[in-house]
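Chemist: Just a sequence and a predicted model for now, questions to come.
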Amino acid sequence: MLTHLFKLIWNKKKQNFLLIMEMLVSFLVMFAVFTLIVYYYQNYTRPRGFEFEKVWAVNYQSPQGMSDKDSIAAFNQSLKQLIKSMPQVENVSFAASNIPFSMSTHNTNVSHEKISEMAHIYAVDDEHKDVLNFNLRSGRWFSRADQGSRETAAVINADLAQKFFGNGQPIGKTIDFEGKKLKVTGVIDDIKDKGDYQGPDNNLFIRIDTSNQAWIGAILVKVKPTADAAFESRLFKSLSNVIRNSSIEIEHLADKRVTKNNLTLVPMIILLVVAGFLIINVALGLFGVLWYNISKRKGEIGLRRAVGASGGSVSKQLVTEALILSTLSLIIGLFFAVQFPLMNVFDLAADTYYIAIACAVAFIYLLVIICSLYPGRQAASIYPAVALHEE
Amino acid sequence: MFKNYFKIAIAVLRRRKFFTFISLFGISLTLTIVIVLASFIDHLVSAGYPDTQRDRELYVNSLRLMSSKQGYSNTGPASFYFLNTYVSKLKTPERMAIGSIYVATNTYVNNKKLVINLKYTNDEYWNVLSYYFLEGKAFNNTQLVNGEKVAVISEETRDNYFGKGVSAAGKYLETDNVQYRVIGVVKNVPVTRVFAYGDIYVPYTLSKSDLNNKQLTGMYTAILQAKDKDDLPKIREEYNQMISRMPKTDKEFDLIYSYADTYLESFTRMMPFSSPGNSGITIFYAIIAIFFLLFLLLPTLNLVNINISRIMERSSEIGVRKAFGASSKTLVYQFITENLILTFIGCLVGIVLSFLIIQVINNSDLISHADLKINLNVLFYSLLATLIFGLLSGVYPAWRMSRMQVVHALKAQ
């Protein structure tokens, strides 16, 4: 049966070649689309690793003109006291401008012994963990006790700990960062601070001390549920009076998250709409071509019916033919698609690609079956008498 | 001859309505997407309100400091000091607009927070860019020098702060804890025109940061306007000489790169594929062209498949024409013409559809104050895309048709 169908396909190789090409390109398009969907979905289901609901961010530029490090530190300390003294404030943390959901990033290579990894660097203070409620996996967050120690204290995320130390104990080990040594005091669970669709990443938190006060660009304020817009405007006023030589802006992390997510979602939706149109296009085209082919083969089908083939087996033959065609194109397509996980293109996890390949294969088969079912049914309803009469 | 082809094409289209629908549906959807994308790119790249004189302007939007020893670099907008001390001394440009990158500030009206994007500018800024003033006028040089707390605001800011349609000229607006007297209200600018977008424009002399700080990178950009287009190469030349003559004050960052670029170049310069001395604009064009060709690949294959089916249907007609001496070439021309007619009908439908989609985008909040439109430029590129699409999808089927054996063609009936 199958060899016979292959022969039929071979006899019309010129026309079928184009159909195969069309299915092949559709498969590659769907592979790309599904890779993105699977990747974003996998990321979306990962735990966020921190809380943002009641956290506000104050963006400002660290005081210019104050060149003395100690005076900057003293200024920031008094600023912190001022905010903390407000009744609606639960906790305050100073950080560099790459706070969660911000557009600003700071990444560089850090290394431990021979292993070098690209990591996001966050300069933050002792209260950062409590403001964002990170889950500590082992060790401790840095604290006042680390003041004045020879190596600056640092906290890393589980992913980076795994890459650097494998299953060994990371606490107390050192990491090289821009020519300095950092001492790991703790490991936190992975976080998604760049939006809900962010993939696994390496995070390195460095304690702010007097030497790197100039990195500070934002203040994270965790507020109590009683904090409202009136309080926000009071906070804004009093901060503006203290921070004189910089514009300031208060943002809510919840709003920043929506904006950041939209940066991923909007292009994704546009892509899906475009891919959707392409697929409708292809589906209609396939449908038309298959339908036309059947009307061309009336004689052949009529003859089969006349010698006793049932309507069902005729329509089955046509659907199978279409499926063989799509299988041929999928084999070629798979050859290209499999290169992505094998050569580790774009640095995505291999299972993302394999799931995407499976989805794309299923999608193409489904598309072909849907497009060939109706023409197949049409073929089944051909009466031998009518079909053969035309000859 | 052409009239004949046209008649045949229409007759063929009317014969198999389902196939015609599939072809037209595919063609018009494909072209709709192409036209909408073209219109969006045109919106990003071409001159538009309020930056209408782009053909005689050059932009300075970034400056790159590099350390020749360590290899690392620091790229960002220029500082006011750099623009004021070096760039403003250039002789060829007629005018120079200086504006800061907009910074977000907050204001609270009736316990409601407003985010207001603040932009510091010089007085020439208002002559270089043609803002449309709904009320009042821009600040002048005296107000700038005296550091008067005056501001030009956008229509949207006025509506949010003072109420919809309420006149604002002469009133006071407080943002970032500073009171400004509103002296003008301008029509909203799309956020995609980054050099001109802002909610409130105030004199740079009011800037909270130190303007005399001798750092070269900062938060300002400049637009150099020439008397006419022919002066642009001279400005570039003068700008490059100025950069090469700049004193090397910084020991760490001893290499300075900065260019006066056309609008698009000033952006491609920031892409990873550009290098010092090469703005990367050709690579950018190539990427766009390849993207469109790849996008057209699938619809083209689809149309080729449908076309081949349709030709086989017409084998008797082809057989008869061949038998009466029509050359292969004539048949190829005929079929390509027919296909082009089909694609152009699809293009017309596509223009109507994309017009509707563009209206939806403009009225939605997707890009605030967007003014996408189908202008002559977009129309030209859409027609070009249609032509390419029509040719690509017509040539192969036509070639197949012309090679058909007369005997086979006639026998099929």
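Modeler: Everything's here; your move.
Chemist: Mind telling me what element A:Ile121 is part of?
Modeler: When elements are assigned from DSSP states H and E, A:Ile121 belongs to strand A:115-124.
Chemist: can you map out the helices along the stretch 151-300 of chain A?
Modeler: Here the stretch 151-300 of chain A has its helices, by DSSP state H, counting those that start in this stretch, at A:158-165, A:229-242, A:253-296, A:298-306.
Chemist: okay, those, which one's buried deepest?
Modeler: A comparison of the helices of the stretch 151-300 of chain A by mean neighbour count, using mean count of other Cβ atoms under 10 Å in any protein chain shown, puts helix A:158-165 on top with a mean of 20. Bear in mind the C-beta positions are built from the backbone N, C-alpha and C, glycine included.
Chemist: same question for that helix, mean pLDDT?
Modeler: Helix A:158-165 comes out with an average pLDDT of 91.
Chemist: Report the angle between that helix and strand A:115-124.
Modeler: 140 degrees (axes from the mean of the first three to the mean of the last three Cα atoms, to 10 degrees).
Chemist: tell me what helix A:158-165 is packed against?
Modeler: Applying 3 or more Cβ pairs under 8 Å, 6 or more residues apart in numbering or on different chains; DSSP states H and E, one finds that helix A:158-165 makes contact with strand A:115-124, strand A:180-188, strand A:203-207.
Chemist: what do you get if the cut-off is 10 Å, keeping everything else the same?
Modeler: Helices and strands touching helix A:158-165, by 3 or more Cβ pairs under 10 Å, 6 or more residues apart in numbering or on different chains; DSSP states H and E, are strand A:107-112, strand A:115-124, strand A:136-139, strand A:152-157, strand A:174-177, strand A:180-188, strand A:203-207.
Chemist: so which of those gets nearest A:Ile243?
Modeler: strand A:115-124 (18.4 Å; Cβ to Cβ).
Chemist: Quick check: pLDDT value at residue 243.
Modeler: Unless you meant another one, I'm taking chain A. 82.
Chemist: actually it's chain B I care about, not the one you picked
Modeler: Value listed for B:Ile243 in the pLDDT field: 90.
Chemist: cool, A:Pro63 as well?
Modeler: For A:Pro63, pLDDT reads 58.
Chemist: Check B:Ile306 too.
Modeler: On the pLDDT scale, B:Ile306 gets 86.
Chemist: can you count the residues close to it?
Modeler: Counted by other Cβ atoms under 10 Å in any protein chain shown, the residues lying close to B:Ile306 total 23.
Chemist: residue contacts, B:Leu24?
Modeler: B:13, B:342-343, B:345-346, B:349-350 (Cβ atoms under 10 Å, 6 or more residues apart in numbering or on different chains).
Chemist: ok so, going back, I'd like to know which of the helices and strands packed on helix A:158-165 lies nearest to A:Thr259.
Modeler: Of all the helices and strands packed on helix A:158-165, strand A:115-124 comes closest under Cβ to Cβ, at 19.0 Å.
Chemist: which helices and strands sit right next to the closest one?
Modeler: strand A:89-96, strand A:107-112, helix A:128-132, strand A:152-157, helix A:158-165, strand A:174-177, strand A:203-207, strand A:216-223.
Chemist: For that strand, list every residue counted as buried.
Modeler: Residues A:117, A:119-124 are the ones in strand A:115-124 that count as buried (16 or more other Cβ atoms under 10 Å in any protein chain shown).
Chemist: Now tabulate these in TSV and tack on pLDDT.
Modeler: Formatted as TSV, those follow (pLDDT from 0 to 100):
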residue	pLDDT
A:Glu117	87
A:Ala119	89
A:His120	90
A:Ile121	89
A:Tyr122	90
A:Ala123	89
A:Val124	91
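Chemist: Could you single out the nearest of these to chain B?
Modeler: A:Ile121 (14.7 Å; Cβ to the nearest Cβ).
Chemist: I'd like to know the beta-bridge partner residues of that closest one.
Modeler: Beta-bridge partners for A:Ile121, by DSSP bridges, are A:Leu204.
Chemist: What residue, apart from its backbone neighbours, is nearest the one residue in the stretch 1-150 of chain B that gets nearest to chain A spatially?
Modeler: Distance from chain A to each residue of the stretch 1-150 of chain B (Cβ to the nearest Cβ) is smallest for B:Tyr108, at 3.6 Å. Among residues not flanking B:Tyr108 along the chain, A:Ser233 sits closest, at 3.6 Å (Cβ to Cβ, 6 or more residues apart in numbering or on different chains).
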